[in-house]
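K.L.:
using only what follows, build the 3D model:
(one chain, ligands or ions: 1)
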Amino acid sequence: MSADPEAPPEWSDELGPNDGILVMSDLTKNFGGITAVDELSFAVQEEEILGFIGPNGAGKSTTFNCISGIYPPSSGNIWYKGENVTDLPPYKMVKRGMARTFQSFRPLEDRTVLQNIALPLVPDKLFSLAGLRGDTIRKAEGVCELVGLDDRMDMTPDELPHAGMLRLELGRALATNPDLLLLDEPFAGLSDPEVDAISDLLKQLRNDAGVTLVVVDHNMRGLFPLIDRAVVIRFGELLAEGTPEEIRSDPMVKEAYLGGGA
Ligand SMILES: Nc1ncnc2c1ncn2[C@@H]1O[C@H](COP(=O)(O)OP(=O)(O)OP(=O)(O)O)[C@@H](O)[C@H]1O
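P.N.:
Residues are numbered from 1 along each chain as shown. Got it, this is the predicted structure:
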């Protein structure tokens, strides 16, 4: 039977490929019997700084792992710059201009700060650092300067304080020249002044270089002044989205996540 031509069109709130630079639609990730991400849909707009928040175990890192190609989603779609990237592996996401940082830093301990930052600039075939060329070194020095490590380029990672390690992690991600950066708990373990300094750096990345940022963090004091908007999840599902002011005053968020203390 054909559809009634008089019937009003069915309203759909489904997100599509061009609703943002990064779009998720009904993203689901199961681990055995655990549903870590549950039909999650949201979009990230170009050059926005989006906070992606939720209590421990809400599914934030798993979402990042699906977006960056580390885990294949169980179902749903991910679009980046209008292209369906749902099942692409991490190196292909990096080639398309997406980078991420991890909660636990993973630098090469026997290499200097400069060499660690230069690594992503070197073609795979030339993985040995013996042959770093002038141009590569100049680019790596530029990234060191950008992340505030230009006075520590010859140190090894173990000589850096925690905030310096975070800057190195950021530098390694930025060396791939991303248009979008996923940051997993950048403020963890930082003092308030260090949080402010990293926030200034992140704002500079967006304002001067046009990098889109998605930031997961539990430090609301640091996060709320940084972000334009937040997406809140709980049990892998979307709980709320809005400006920091809207999120602060959302009764569901207060009760479910912020414990009324936001
Ligand atoms: N590789 C895995 N295998 C099995 N279960 C996993 C795996 N990774 C995550 N989970 C489970 O999925 C759920 C979501 O975890 P996830 O780490 O994504 O949450 P999160 O919001 O990032 O938490 P946190 O704020 O503590 O980092 C949890 O129940 C977790 O135990």
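
K.L.:
assign residue 79 to helix, strand or coil.
P.N.:
Here residue 79 takes the strand state, with states given by DSSP: H, G, I helix; E, B strand; the rest coil.

K.L.:
residue 52 and residue 152: what is the separation?
P.N.:
Residue 52 sits 30 Å away from residue 152, going by C-beta to C-beta, to the nearest Å. To be clear about C-beta, it is placed using only N, CA and C from the backbone, and glycine gets the same treatment.

K.L.:
when these two are compared, which one has more neighbours?
P.N.:
Neighbours were counted for residue 52 and for residue 152 using other C-beta atoms under 10 Å; residue 52 has more, 24 against 18.

K.L.:
can I assume that one is in contact with residue 218?
P.N.:
No - assessed by C-beta atoms under 8 Å, residue 52 is found out of contact with residue 218, at 11.5 Å.

K.L.:
in the chain, which helix is the longest?
P.N.:
The longest helix of the chain (DSSP state H) is helix 192-209.

K.L.:
show me what it is packed against.
P.N.:
Packing partners of helix 192-209 (3 or more C-beta pairs under 8 Å, 6 or more residues apart in numbering; DSSP states H and E): strand 49-53, helix 162-174, strand 212-216, helix 220-223.

K.L.:
ok, and what's touching that helix?
P.N.:
Applying C-beta atoms under 8 Å, 6 or more residues apart in numbering, the contact partners of helix 192-209 are 47, 49, 147-148, 163, 166-167, 170, 174, 181, 183, 186-187, 190, 211-213, 215, 219, 221-222, 225-226.

K.L.:
same question, stretch 242-260
P.N.:
Here stretch 242-260 makes contact (C-beta under 8 Å, 6+ apart) with 51, 53-55, 220, 224-225, 227-230, 232, 234, 239-241, 262.

K.L.:
would you mind giving the helices and strands packed on helix 192-209 as a markdown table with mean pLDDT and distance to the ligand added?
P.N.:
Output for the helices and strands packed on helix 192-209, formatted as a markdown table (pLDDT from 0 to 100; distance: least, C-beta to the nearest ligand atom, whole Å):
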| stretch | mean pLDDT | distance to the ligand |
| --- | --- | --- |
| strand 49-53 | 97 | 9 |
| helix 162-174 | 96 | 16 |
| strand 212-216 | 98 | 7 |
| helix 220-223 | 94 | 13 |
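
K.L.:
include distance to residue 65 when you put these into CSV, please.
P.N.:
Below are the helices and strands packed on helix 192-209 laid out as CSV (distance: least, C-beta to C-beta, whole Å):
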stretch, distance to residue 65
strand 49-53, 13
helix 162-174, 15
strand 212-216, 12
helix 220-223, 20
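
K.L.:
can you pull the contacts of the nearest residue to residue 179 once chain neighbours are set aside?
P.N.:
In this structure, residue 179 finds its nearest non-sequential neighbour in residue 97, 4.0 Å apart by C-beta to C-beta, 6 or more residues apart in numbering. The contact partners of residue 97, by C-beta under 8 Å, 6+ apart, come to 81, 177-180.

K.L.:
ok, 7 Å please
P.N.:
By C-beta atoms under 7 Å, 6 or more residues apart in numbering, the contact list for residue 97 reads 178-180.

K.L.:
how about the residues of the stretch 1-150 of the chain near the ligand?
P.N.:
With C-beta under 6 Å from any ligand atom as the criterion, the stretch 1-150 of the chain meets the ligand at residues 31, 34, 36, 54, 56-62.

K.L.:
tell me what the helix or strand where residue 145 lies is packed against?
P.N.:
For residue 145, the host element (DSSP states H and E) is helix 134-146. Judged by 3 or more C-beta pairs under 7 Å, 6 or more residues apart in numbering; DSSP states H and E, helix 134-146 is in contact with helix 113-118, helix 162-174.

K.L.:
so which of those helices is the most surrounded?
P.N.:
helix 113-118 (a mean of 25; mean count of other C-beta atoms under 10 Å).

K.L.:
put the alpha carbons of it into PDB.
P.N.:
What follows is helix 113-118, C-alpha atoms only, in PDB (Å, rounded to 0.1, in the frame of the first residue of the first chain):
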ATOM      1  CA  VAL A 113      61.100  15.800  23.500                       C
ATOM      2  CA  LEU A 114      62.100  17.100  20.000                       C
ATOM      3  CA  GLN A 115      62.400  13.600  18.600                       C
ATOM      4  CA  ASN A 116      59.100  12.500  20.100                       C
ATOM      5  CA  ILE A 117      57.400  15.400  18.500                       C
ATOM      6  CA  ALA A 118      59.200  14.800  15.200                       C
END
